[in-house]
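*Asks:* Got a sequence here, can you model it:
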Amino acid sequence: MPANDRKGLSIRAPSAGRSNMKRLIILCLLLLIAAGGNAQNERARVDSLMSSMYQSGSPGAAIAVIKDGTVVFKKGYGLADLDSKAAITPSTNFNICSLTKQFTAYAILQLQREGKLSLDDKLSRFFPGFAPGVANSVSVRQLLTHSSGMKDHYSYVDRAQYREFWDKDVLTVLRSVDSVYFPPGSRYRYSNAAFCLLSLIIEKLSGETYPAYVCNRLFAPLDMTHSSVIQPEFTISNRAFGYEREKDTFRVSDAKESLFFSTMGDGGVYTSIDDYLRWITAIQQKRVLDSDLVKEAQSAQFPVDTARNLSYGFGWFVAGSGDSKLVYHTGSNGGFRTIVLTKPSAKYAVVIFSNQSGVDLEDLVRVINRIYAIDDTAFVKLEALIS
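*Replies:* Numbering: from 1, shown residues only. As a prediction, the model looks like this:
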C-alpha cells in the first residue's frame, strides 16, 4: 500500500529530508548554547529554526506556540501552492490529517453525554448486516482506542473501482470481513478504519452528515469560521496543497493523487493555525467545550506501551502522568504532515501544520520544547506506533 494513502503515519525523510534533520540537530545544539531565556530570544530562536527547515520558495509550514496559556509565537513559512506562489500564513487552511480524530472522538462523547449511545455499544447496533463475528464483539470504546482489532480496509479495496474513497466505502468493503487481527480489547493496533466507522455512527445518530455535525456542533461554538471537512464537490478556501519531497523536487500529493485521502472521520478536517488555536485555548481555559468530556478524551484509556507509560485516550496519545503528562498526536495524509503536543500542567502547546513531507515534526517539536524550557521526558515517539 502506498505510504501516502495512510493517515497518521510518520514517514522517514528521503535523503534531502535527512539532511535537513542533521542541520536541525546541529542548529539545536547552537540554539541551546546560545544565551537567553527571555521571550524575545525564544521567538528569534524558533523563527531561525523554522526558517532553516522551510525555505521561502518551497512548500512549508505554519506554527504556533502557547506557553502559560498565552500565544507566544505564530508564523507561516514557505508556499501554500507552488503554482500560485501563495505564501503560507497562520490563516492558511491545511488538511490536519489524523488530528481530525480528536474532533471525531469528542463528537462521539457528546452523543454519549446526550444518551444517544453507550461506549459499550457493539457495531451490530449501528450496522445491520455487518459480519456478525466482528459486529457482535467490537464496541464503540474499542474503535475510539484503536483496540478493536478490526482489519484495515486498504487491502480489501479494488482500486480500479474507485476514483475517490469515502467513509461509506470503508463500511462497504469491511462489512463482509468476519475476522480480526486479535480479540477485540486485547491489544493496541492503530486503525483509521475505526474512525471512519465512528463518523458513520455520528451521522446515523445525529441525522446530520459528518461535516455538518462537526461544523455545527464543534466549529461554530468556537468561532472556527474558516474550518471545514472535506466532502465531494467541495471547495476549500485559502488552502495549502500537499507535496511529497522527491530528492530535490516536490510532487503534488493531495486528494486527487491519493485514493484514501478523502475519508473524513480519520483525517478529513481542514483548518488553520488561527482557527485551531481556538480549539486548543478552549481546552486549556475550560470554556465552551465540556471540560468533563475533554478530561475523558485526554486521559489514558487503553495502554499502548506500558513500559514507557504511553496510552491512547479518545483521539489523543497520553504519555506520563501528573505534572509531566503530555497529550499529543501526529498526522500524515498525502503530502501533509501535522503535529500537536500539549503539556496541560504548563498550559503549553506547540502546533505545526506542514504541506510537505521530509521533515520529522516530532524531532522538530522536541527542539522547540527545549527552547521554551519545557520538560518533555515523558515523550514517546509515535512513528512505529501508528503505522
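
*Asks:* Run the chain-centre distance for stretch 362-370.
*Replies:* The gap between the average C-alpha position of stretch 362-370 and the chain average comes to 17 Å, counting by C-alpha atoms, centre = their mean, to the nearest Å.

*Asks:* And residue 110, its phi and psi?
*Replies:* When read as degrees, to the nearest 10, the backbone of residue 110 gives phi -60, psi -50.

*Asks:* mind listing what it touches?
*Replies:* Remark: with contacts taken as C-beta atoms under 8 Å, 6 or more residues apart in numbering, residue 110 is in contact with 217, 290, 293. Just so you know, the C-beta spots here come from the backbone N, C-alpha and C atoms, and that holds for glycine as well.

*Asks:* swap in residue 140?
*Replies:* When contacts are taken as C-beta under 8 Å, 6+ apart, residue 140 is in contact with 108, 117-121, 198, 201.

*Asks:* Emit the ChimeraX select command for whichever of the contacts of residue 110 are buried.
*Replies:* This is how ChimeraX selects the buried members of these, with burial counted by 16 or more other C-beta atoms under 10 Å:
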select :217,293
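
*Asks:* Make a markdown table from the contacts of residue 110 and add pLDDT and secondary structure to it.
*Replies:* As requested, the contacts of residue 110 are arranged in a markdown table below (pLDDT from 0 to 100; DSSP: H, G, I helix; E, B strand; the rest coil):
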| residue | pLDDT | secondary structure |
| --- | --- | --- |
| 217 | 98 | helix |
| 290 | 97 | coil |
| 293 | 98 | helix |
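
*Asks:* Take the contacts of residue 110 and write them to JSON lines, including distance to residue 130.
*Replies:* Formatted as JSON lines, the entries for the contacts of residue 110 read as follows, by distance: C-beta to C-beta, whole Å:
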{"residue": "217", "distance to residue 130": "26"}
{"residue": "290", "distance to residue 130": "30"}
{"residue": "293", "distance to residue 130": "27"}
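
*Asks:* of the contacts of residue 110, closest to residue 255?
*Replies:* residue 217 (24.5 Å; C-beta to C-beta).

*Asks:* any idea whether the residue positioned nearest the centre of the chain is helix, strand or coil?
*Replies:* For the chain, residue 99 is the residue whose C-alpha lies nearest the centre (C-alpha atoms, centre = their mean; 2.0 Å). Under DSSP: H, G, I helix; E, B strand; the rest coil, the three-state class of residue 99 is helix.

*Asks:* Distance-wise, check it relative to residue 139.
*Replies:* 24 Å (C-beta to C-beta, to the nearest Å).

*Asks:* Confirm for me that residue 124 is in contact with residue 131.
*Replies:* No: taking C-beta atoms under 8 Å as the definition, residue 124 is not a contact partner of residue 131, at 9.8 Å.
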